[in-house]
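Visitor: this is a predicted model, with the sequence first.
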Amino acid sequence: MALENKNLSRQEFLKKLGLFAGGVVFVSTINPLKMVFATEKPKNGKWYGIAIDIEKCIGCGSCARSCKIENDVSQEPFYFRNWVEQYTITNEHEIKVSSPNGGIDGFEQPVPDEDIYKTFFVPKMCNHCSDSPCTQVCPVGASFDSPEGIVLVDQTYCIGCGYCVQACPYGCRYIDPLKGVADKCTLCSHRLEKGLDPACMMICPTHARIYGDLNNKNSEVSLFLKEHNCAVLKPHLNTHSKLFYNDLNQEVH
Amino acid sequence: MPVQVKRLLLVFAFFIAISVALIYFLTPKSFGEYGHYRGKALEEISSTEIKYVQMDDCAMCHDSIAELKNSGLHATLQCEVCHGPGFNHIEDYENNRMEIPNEGQFCMRCHIMNAASPKKVIKQIDAVEHAEGEDCITCHNPHQPWL
């Protein structure tokens, strides 16, 4: 070690240490060290929420397709920011869930029509929870809730440990195969910034997907929630999800 | 104070000083601006380029086609549902043509017969029975297919 080679006496060592500490203190007076505390949720301003009308989803997969293009998501069939699942409940009350390539290439009916008790599509995406488990587990502060209630990943700060992928109860995160960092739905915040709707919402041919400001009681999403009986996925986990489904069956998980 | 404790305190002070120095020099400037994250990240995430434009942008040039499409059941559809993203085409329309999906059963992406598709929202077609192998656009105008 450098200290041993120079045969530093204790006095000299302490002097140098003092000098170093003094230097740090001096620099920090120019640009003081600030403390970072957990923040309260903002009371005013926008608070984004999403509503999906299952009654209107035709399972075309346009949302998943447009999302992959808009956000440069890997085209491999394992990486999705949003996807569509087909739930099929047979007459024997067996529940089958299929999502071939996220619904992008269409769906094959898994059971003959006469055996089906009930079947429907469920589009899935990030729930943008108010109390997100994924942001709470991030060890470096790369995953966070924006002041507008959007759950985001700072990809230049993310270390790719994958805790958040494990923590998300809805399976909405993945590790980007090229960048090696966590990736997820951003509610197309780059489009919101420019006054455009998120790609999946804009492209949906039946307008089954709605988003808007939950604080504004006259926004499209607030009015939709008022007029329909909506539910969230896995409410028992207390994530306070902001993705509301109209006509959600209890079989959906 | 016993000399051991003094030394121990020194060691503690040393490590605390090192930690504070590391935190000080390694924390990005905008960290903590809004919360426990880099404030600049918000700006970076929202500065990404967009790929999907809007129908209004398409209608600036293709106004007659947009009008045709908007005259009936497909009025709520964006052009880019079928034609793909338009960001390149808007920049340089000669070298970046839009997708023209004229292959046989493209319309089946939405209009396919599936028990899970809600019948009151979309007209479903049994391709074999209805078209007998013909392309959809042999009979239907793709911008006015309901006629």
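Guide: Alright, I've got the coordinates.

Visitor: count of residues packed around the closest residue to residue A:179 other than its chain neighbours?
Guide: Of all residues not flanking residue A:179 in the chain, residue A:155 sits nearest, at 6.3 Å (CB to CB, 6 or more residues apart in numbering or on different chains). Using the backbone N, CA and C atoms, a C-beta is placed for each residue, glycine as well. With neighbours defined by other CB atoms under 10 Å in any protein chain shown, the count for residue A:155 comes to 17.

Visitor: which phi and psi does residue A:155 have?
Guide: phi -70, psi -20 (degrees, to the nearest 10).

Visitor: I'd say it and residue A:175 touch.
Guide: No: counting by CB atoms under 8 Å, residue A:175 is not a contact partner of residue A:155; they are 11.1 Å apart.

Visitor: name the residues contacting each of those two.
Guide: Each of A:181-183 lies in contact with both residue A:155 and residue A:175 under the rule CB atoms under 8 Å, 6 or more residues apart in numbering or on different chains.

Visitor: could I get the buried residue list for the helix ranked longest in chain B?
Guide: Among the elements of type helix in chain B, defined by DSSP state H, the one spanning the most residues is helix B:3-26. Burial within helix B:3-26, assessed by neighbour count using 16 or more other CB atoms under 10 Å in any protein chain shown, is assigned to B:17, B:21.

Visitor: who are the packing partners of that helix?
Guide: helix A:10-30 (3 or more CB pairs under 8 Å, 6 or more residues apart in numbering or on different chains; DSSP states H and E).

Visitor: give the buried residues for the helix it packs on.
Guide: The neighbour-count criterion (16+ other CB under 10 Å) identifies A:21, A:24 as the buried residues of helix A:10-30.

Visitor: the residue nearest to residue A:179 and residue B:38, how far apart?
Guide: From residue A:155 over to residue B:38 the distance is 11 Å, taken as CB to CB, to the nearest Å.

Visitor: ranges for the helices of the chain?
Guide: Here I'm looking at chain A. Assigned helices in chain A, in chain order: A:2-5, A:10-30, A:62-70, A:133-137, A:163-167, A:189-193, A:199-203, A:220-227 (criterion: DSSP H).

Visitor: sorry, I should have been clearer: chain B.
Guide: With DSSP H, the ranges of helices along chain B come out as B:3-26, B:39-45, B:55-59, B:63-69, B:80-83, B:87-91, B:108-111, B:127-131, B:136-139.

Visitor: about what we covered before: can you give me the mean pLDDT across the longest helix of chain B?
Guide: Along helix B:3-26, the predicted confidence averages to a pLDDT of 90.

Visitor: going by distance to chain B, which of the shared contacts of residue A:155 and residue A:175 wins?
Guide: Checking these against chain B with CB to the nearest CB, the nearest one is residue A:183 at 11.2 Å.
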